[in-house]
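Student: turn this into a model:
(one chain, ligands or ions: 1)
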Amino acid sequence: MAPCAAAGAQMLAASPCISASQSMLASRAAVSRISPALGTSGFASCPRIAYSRPLGSSSVAVRAVSGESTPHGLPIDLRGKRAFIAGVADDNGYGWAIAKALAAAGAEILVGTWVPALNIFETSLRRGKFDESRKLPDGSLMEIAKVYPLDAVYDSPEDVPEEVKTNKRYSGSSKWTVKEAAESVKEDFGSIDILVHSLANGPEVTKPLLETSRSGYLAAMSASSYSYVSLLQHFLPIMNSGGASISLTYIASERTIPGYGGGMSSAKAALESDTRVLAFEAGRKGNIRVNTISAGPLGSRAAKAIGFIEKMIEYSYVNAPLEKELRADEVGNAAAFLVSPLASAITGSTVYVDNGLNTMAIAVDSPTVAS
Ligand SMILES: NC(=O)c1ccc[n+]([C@@H]2O[C@H](COP(=O)([O-])OP(=O)(O)OC[C@H]3O[C@@H](n4cnc5c(N)ncnc54)[C@H](O)[C@@H]3O)[C@@H](O)[C@H]2O)c1
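Tutor: Prediction:
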């Protein structure tokens, strides 16, 4: 999804950043306000220009805007919605970018942070270390209403082994199993509208699948796939009808990416399959939409642990249809669209936000092709 077209639906497919000169051609003036969600740093190249096609009209209308709101715009509006985002422990990853996009669209933000990372995350947040990256397009800082401790590989207290309970990284926190986290959110806020799963873990990710142990494989599935089933299972009862959920997947689920090992490719394949089944079940049970974003490579903390993320970023830059860096906020904006009412008929989908890399069958920088 191109930056300026993040709102998808009614935004015009042609050139997302329509130039000011094109506005001369506009046959009907339709002023639209740039939604805060669209105005993230990724939109710097098309500032203060918005365009829309009024419903029922074939004419394109473009005009520079001065901040006034109008009924013709099509903003991503999440005001009055509450989101729980599982998998935020710093300001580098997709979870943070999604939180920001949802906050910019007006949603209230709750996050679930992995217990071993909780202390440092909360301390950094308190000390203002993230203040620069908390900045929203309107200049305000993203507020996180509450940070919940979470370990998504444990569903309820009975599942937690003694050595984890007594581990000093865990013993300072309480109520961090999935069931307890959902209960705490219910107690504090009553309900949510949006559930985001932005977490993964594979202890043997650097090992080829052929060398992966049973326990390593199952641990990857537990942390990266079942954790989503569990989250939705426990949060669905407190999700308001019409709500939406998303997770993050990776193309290694469908095509071989040597180096993405330890059963992580299998875990992402399961996550995508579960997205379809959960979309049906949650759709019928709670009128909740379920989608997953297949994101391109980003140098997050988790990705750096795999060891070759910089090469994947470079590969993507050179070979993807869109020859540009993929920014986390582009994934955040796509997520904001997917959980918004604008995506009301989209469920069970794997949506690629990867500069189009998934569509390529050959590497254009391959010496074989070049010669
Ligand atoms: N970075 C990429 O290149 C890339 C590409 C496609 C998909 N993704 C996916 O995006 C999602 C977010 O990852 P990211 O790359 O932004 O890295 P990240 O480090 O920002 O996020 C991963 C998070 O998972 C948390 N976590 C790990 N185990 C957990 C557990 N048991 N319970 C709760 N939280 C746990 C970590 O603390 C961390 O906050 C993951 O699903 C990842 O597979 C990443």
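Student: quick one: pLDDT of A101?
Tutor: For A101, the model assigns a pLDDT of 98.
Student: helix or strand for it, which one?
Tutor: Secondary structure from DSSP states H and E places A101 in helix 94-104.
Student: and that helix, anywhere near the ligand?
Tutor: Yes - using Cβ under 6 Å from any ligand atom, helix 94-104 comes into contact with the ligand via Y94, G95. For every residue, glycine as well, the C-beta is placed using N, CA and C.
Student: so which residues of the stretch 101-250 of the chain form helices?
Tutor: Counting by DSSP state H, counting those that start in this stretch, the stretch 101-250 of the chain has helices at residues 115-126, 162-165, 168-171, 178-189, 214-221, 227-235.
Student: closest one to the ligand among those helices?
Tutor: For the helices of the stretch 101-250 of the chain, proximity to the ligand was assessed by Cβ to the nearest ligand atom; helix 115-126 is nearest, at 4.5 Å.
Student: what parts of this structure come near the ligand?
Tutor: Residues of the chain lying near the ligand (Cβ under 6 Å from any ligand atom): 87-89, 92-95, 114, 117, 150-153, 198-201, 223, 248-250, 295, 297-298, 300-303, 309.
Student: mind giving me the PyMOL command for buried ones among those residues?
Tutor: Applying 16 or more other Cβ atoms under 10 Å to those leaves a buried subset, and the PyMOL line that selects it is:
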select buried, resi 87+88+89+92+93+94+95+114+117+150+151+152+153+198+199+200+201+223+248+249+250+295+297+298+300+302+303+309
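Student: for the ligand, what's the nearest residue on this protein?
Tutor: Closest point on the chain to the ligand, by Cβ to the nearest ligand atom, is G93, at 1.8 Å.
Student: ok, and the closest non-adjacent residue to that residue?
Tutor: The shortest distance from G93 to any non-neighbouring residue, by Cβ to Cβ, 6 or more residues apart in numbering, is to S300 (3.9 Å).
Student: give the contact list for that neighbour.
Tutor: Neighbour list for S300: N92, G93, Y94, I309, A328 [criterion: Cβ atoms under 8 Å, 6 or more residues apart in numbering].
Student: look at it and report its pLDDT.
Tutor: S300 carries a pLDDT score of 95 in this model.
Student: against A328, how distant is K165?
Tutor: Applying Cβ to Cβ, to the nearest Å, the value for K165 to A328 is 34 Å.
Student: doesn't A295 make contact with the residue of the chain closest to the ligand?
Tutor: No - the pair G93 / A295 is not scored as a contact, 10.3 Å apart, by Cβ atoms under 8 Å.
Student: how far does the longest strand along the chain sit from its chain's centre?
Tutor: The longest strand of the chain (DSSP state E) is strand 239-249. Its chain's C-alpha centre and that of strand 239-249 lie 11 Å apart, by Cα atoms, centre = their mean, to the nearest Å.
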